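Peer 1: Pasting the sequence and the predicted coordinates here, then a few questions.
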Amino acid sequence: MTGLQFYKMSGSGNDFIIADNRDGKIAKDDMPGLAKALCARKISIGADGLVLVENSDQCDFKWQFYNSDGSEAEMCGNASRCVARFAYLNKIAGEKMTFETLAGVIHAEVLGETVKAGLTDPTDVKYFYALDVDGTTCNVTSMNTGVPHVVLLVGDIEKPDVEELGRKIRYHEAFAPAGTNVNFVEFRRRELAVRTYERGVEGETLACGTGAVAAALARVAADAALSPVKVLTRSGEYLYVHYKRVPGGYGNIFLEGDANIIYTGEIGPDALKLAQKE
Ligand SMILES: N[C@@H](CCC[C@H](N)C(=O)O)C(=O)O
């Protein structure tokens, strides 16, 4: 077996390995093992997730998205911006494109290094309610912005133990069996600062696109913040969340930010064989 060309990309510090699998070289059954093997930090390429681009009958392409622990996720906001730029640069799609995900069809537009991705409308929205976490009452908002999210307001973004409290809420019975991503959010005058514990990475990442959307909508519900809502991620980069009022809530969501190419390379045949043994 020969190697597989890939791009290492970063969407606000959320990093991904992206490869063209339109020839079907990687079989679906091998994808979880490949994601785990390639995303491992220090002993492999290292990333928060793996994206494989495949053929689609109805859109420019279809993606397969895997978290670094090998679990498949319905959606990823930052990876959707990265894959759009990858598809454009590799002539898989034009500047404006659509692609299939498990969460639905995503629209994206490439504007140089910046990408605007139109996400699915939020579902299961519950604003500001009490959640008991090991005897402590937390005031949370929850919604599905493609994947499930909880938003928890904090006074100072440096204070929360994101790993410990994030893990407790991620595995809270209220969100079982799927679990949830957990966003800690500080409301500032003209922006939000967000830190996210990500399901499937099982730790804090430097940014989460669908989490930024959930945090921004919680802010909109709290004080009618105007679109676009500016979100400061843990990497120091900003994401912009555009929204419109729609009957029953908010929709027409666009996530905007840079999608950077860190390097390109080839996954060697040995790595592909190791993944098949997982
Ligand atoms: N980082 C992503 C979300 C990726 C999926 C998530 N880890 C899950 O399994 O729910 C984003 O930018 O939205």
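Peer 2: Everything's here; your move. Numbers count the residues shown, from 1 in each chain.

Peer 1: Touching, residue 80 and residue 109? I think so.
Peer 2: No - counting by C-beta atoms under 8 Å, residue 80 does not reach residue 109; the two are 11.5 Å apart. In short, each C-beta sits where N, CA and C put it, glycine included.

Peer 1: Mind checking which of the two has more residues around it?
Peer 2: Remark: of residue 80 and residue 109, residue 80 carries more neighbours, 28 against 17, as counted by other C-beta atoms under 10 Å.

Peer 1: Mind splitting this protein into its structural domains?
Peer 2: Domain assignment for the chain by the TED database gives 4-118+261-275, 123-246.

Peer 1: now what about stretch 197-207, what contacts it?
Peer 2: Residues outside stretch 197-207 that contact it (C-beta atoms under 8 Å, 6 or more residues apart in numbering) are 11-15, 48-49, 67-69, 71, 73, 78, 147-148, 162-163, 165-167, 169-170, 179-184, 194-196, 208, 211, 233-235, 237, 239.

Peer 1: For PyMOL, write the select line for the buried members of the residues you listed.
Peer 2: The buried residues among the contacts of stretch 197-207 can be selected in PyMOL (16 or more other C-beta atoms under 10 Å) with this line:
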select buried, resi 11+12+13+14+15+48+49+67+68+69+71+73+78+147+148+162+165+166+167+169+170+179+180+181+182+183+184+194+195+196+208+211+233+234+235+237+239
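
Peer 1: Of the contacts of stretch 197-207, which fall within the contact range of the ligand?
Peer 2: Contacts with the ligand are made by 14, 67, 73, 78, 147, 181, 208 out of those, judged by C-beta under 6 Å from any ligand atom.

Peer 1: Which of those residues fall in helices?
Peer 2: residue 78 (DSSP state H).

Peer 1: can I get the ones next to the ligand among the contacts of stretch 197-207 in TSV with pLDDT?
Peer 2: Listed next are these as TSV, based on pLDDT from 0 to 100:
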residue	pLDDT
14	98
67	98
73	98
78	98
147	98
181	98
208	98
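
Peer 1: Show me which of the ones next to the ligand among the contacts of stretch 197-207 is closest to residue 246.
Peer 2: Closest approach to residue 246 among those (C-beta to C-beta): residue 147, at 20.4 Å.

Peer 1: just to revisit the earlier point, strands - which of the ones next to the ligand among the contacts of stretch 197-207 land there?
Peer 2: Applying DSSP state E to these, the entries found in strands are 14, 67, 181.

Peer 1: So the second one sits against residue 48, correct?
Peer 2: Yes - assessed by C-beta under 8 Å, residue 67 is found in contact with residue 48 at 7.2 Å.

Peer 1: any common contacting residues for these two?
Peer 2: Common contacts of residue 67 and residue 48, defined by C-beta under 8 Å, 6+ apart, comprise 39, 198, 201.

Peer 1: tell me, which of the residues you listed make contact with the ligand?
Peer 2: 198, 201.

Peer 1: among the shared contacts of residue 67 and residue 48, who's most crowded?
Peer 2: Neighbour counts for the shared contacts of residue 67 and residue 48, by other C-beta under 10 Å, peak at residue 198, which reaches 27 neighbours.

Peer 1: is that residue in a bridge, and if so with what?
Peer 2: Following DSSP bridges, residue 198 is listed with bridge partners residue 203.
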